[in-house]
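Asks: Please find the sequence and the predicted model below.
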Amino acid sequence: MYIDWISVTFKVDDYTDMLAKLEQLCGEIVVLEYGGRGYDCSGVVWGSGRVYWSDKRPEMGVHVSLPSGALAQSGKNSDYLLSLFRQQWGGKFTRLDLAMDDVMGVLNLDTVIGCARSRWYVSRWKQWQLNENSLGGRTLTFGSRSSESYLRIYDKRLEQIIKSEKDTSIDVSCLPDVWTRVELELKDDRATAAVDGILEHFENVGEIVSGWLYSMLDFKIENLSDENKSRWDTSEWWVQFLGFVQKMKLVTPKKVPSFDKLYEWVVSQVAPSLFVLKKVLGVCELERIVDEGRERLRGRHFSLIAARR
């Protein structure tokens, strides 16, 4: 298992200090003439890495995005970067890709796709999709790309062969005969929770990540005598690939309602409608509606009230 993508945001009072830290880590930030991701400024680090900040909205902090190429060019160990970004600089991760490779032929892409089509699996993801290109590449995905977790399974060897036609640095003769990749893409709270889990259990991180994946997706052997697929035996090839691990849930912290966010939402989204109701129905009827809403919410949202006090 290894880290294939890191995206992290640092909420800082002065983005210039953070940019200085990044330059000490990465070398010169080559400033571009445009921004991105909502920021009005950006720069390049480690070839394909990007750094974003904003002169107009400095409260957005600094965002760093490091794809696999940038991580490889950095020459830094992933555990060092995760520890630095999270534990020392207090970053919040917005994306973390975890990659697992099979170069022994344990995973057969046709078999995996066949299990997906037959629904011989149990998963937290409700949807799967098979994407094919004109060159024979196939990628099996689970989940939605916009969700906090997303899985890709594809022929990495074929991908590299296709890329080698334009990238002369890829030596096809050095590629393994079989190379199937499984990539788990995590975002936002799940990405940050995964980083915390990895840093806490780095000595057996492969086992931890395999356990997370096992709990998210479990390929099964069909058992016609049992309608409950969760009781079917796990496919031997999936157990072998994961390494005979136990299922482990990736736990994310509970989101505590924020009074400030609620207030901002009411002012920007609800207040205009309340103004119209007040004009049409009058103050007394509007107060009656508010009282009715209070009764419906009685006993709830005390955390918001306590936070405000």
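Replies: Noted; the coordinates are in hand.
Asks: where do the helices sit along the stretch 101-250 of the chain?
Replies: 109-118, 156-164, 188-200, 205-216, 236-242 (DSSP state H, counting those that start in this stretch).
Asks: I'd like those as CSV, with mean neighbour count, mean pLDDT and distance to Cys174 appended.
Replies: Placement of C-beta: from N, CA and C, glycine included. Below are the helices of the stretch 101-250 of the chain laid out as CSV (neighbours: other C-beta atoms under 10 Å; pLDDT from 0 to 100; distance: least, C-beta to C-beta, whole Å):
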stretch, mean neighbour count, mean pLDDT, distance to Cys174
helix 109-118, 15, 97, 21
helix 156-164, 16, 94, 10
helix 188-200, 19, 95, 29
helix 205-216, 20, 95, 24
helix 236-242, 18, 97, 23
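Asks: nearest to Arg294, of those?
Replies: Taking C-beta to C-beta, helix 188-200 is the member of those nearest to Arg294, at 30.5 Å.
Asks: so Tyr2 touches Leu96, yeah?
Replies: No. Counting by C-beta atoms under 8 Å, Tyr2 does not reach Leu96; the two are 11.6 Å apart.
Asks: Now Trp212: closest residue in space, sequence neighbours ignored.
Replies: Closest residue to Trp212 apart from its sequence neighbours, by C-beta to C-beta, 6 or more residues apart in numbering: Leu250 at 4.6 Å.
Asks: could you measure that neighbour against Lys220, distance?
Replies: According to C-beta to C-beta, to the nearest Å, Leu250 and Lys220 sit 21 Å apart.
Asks: I'd like to know how many residues surround Arg86.
Replies: 18 (other C-beta atoms under 10 Å).
Asks: what's near enough to touch it?
Replies: By C-beta atoms under 8 Å, 6 or more residues apart in numbering, Arg86 lies in contact with Val8, Phe93, Thr192, Val195, Asp196, Leu199.
Asks: Which of those sits closest to Asp55?
Replies: Using C-beta to C-beta, Val8 is the member of the contacts of Arg86 that sits closest to Asp55, with 20.6 Å.
Asks: residues in contact with the closest one?
Replies: His63, Val64, Phe85, Arg86, Gly91, Lys92, Phe93, Thr94 are the contacts of Val8 under C-beta under 8 Å, 6+ apart.
Asks: again, only this time at 7 Å
Replies: Going by C-beta atoms under 7 Å, 6 or more residues apart in numbering, Val8 touches Val64, Phe85, Gly91, Lys92, Phe93, Thr94.
Asks: Give me the phi and psi for the fifth one.
Replies: According to degrees, to the nearest 10, the main-chain angles of Phe93 amount to phi -80, psi 140.
Asks: if I look at it, how far off is Met18?
Replies: As judged by C-beta to C-beta, Phe93 and Met18 stand 15 Å apart.
Asks: for the fourth one, same thing?
Replies: Distance of Lys92 to Met18, computed by C-beta to C-beta: 13 Å.
Asks: And the pLDDT at Leu262?
Replies: With respect to pLDDT, Leu262 scores 68.
Asks: Settle it for me: which of Leu250 and Lys220 has more neighbours?
Replies: Of the pair Leu250 and Lys220, Leu250 is the one with more neighbours under other C-beta under 10 Å, namely 22 against 19.
Asks: looking at it, that one is touching Ala194, isn't it?
Replies: Yes. Counting by C-beta atoms under 7 Å, Leu250 does reach Ala194; the two are 6.1 Å apart.
Asks: Name the spans of the chain whose pLDDT lies under the cut-off.
Replies: Residues of the chain meeting the criterion pLDDT under 70: 253-262, 296-309.
Asks: Domain map for it?
Replies: Here the domain parsing of the chain from automatic domain parsing is 1-90, 99-255, 259-308.
Asks: Redo the contacts of Val8 as CSV? Include neighbour count, secondary structure and distance to Gly211.
Replies: Below are the contacts of Val8 laid out as CSV (neighbours: other C-beta atoms under 10 Å; DSSP: H, G, I helix; E, B strand; the rest coil; distance: C-beta to C-beta, whole Å):
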residue, neighbour count, secondary structure, distance to Gly211
Val64, 25, strand, 28
Phe85, 21, helix, 24
Gly91, 25, coil, 25
Lys92, 16, strand, 24
Phe93, 23, strand, 20
Thr94, 19, strand, 23
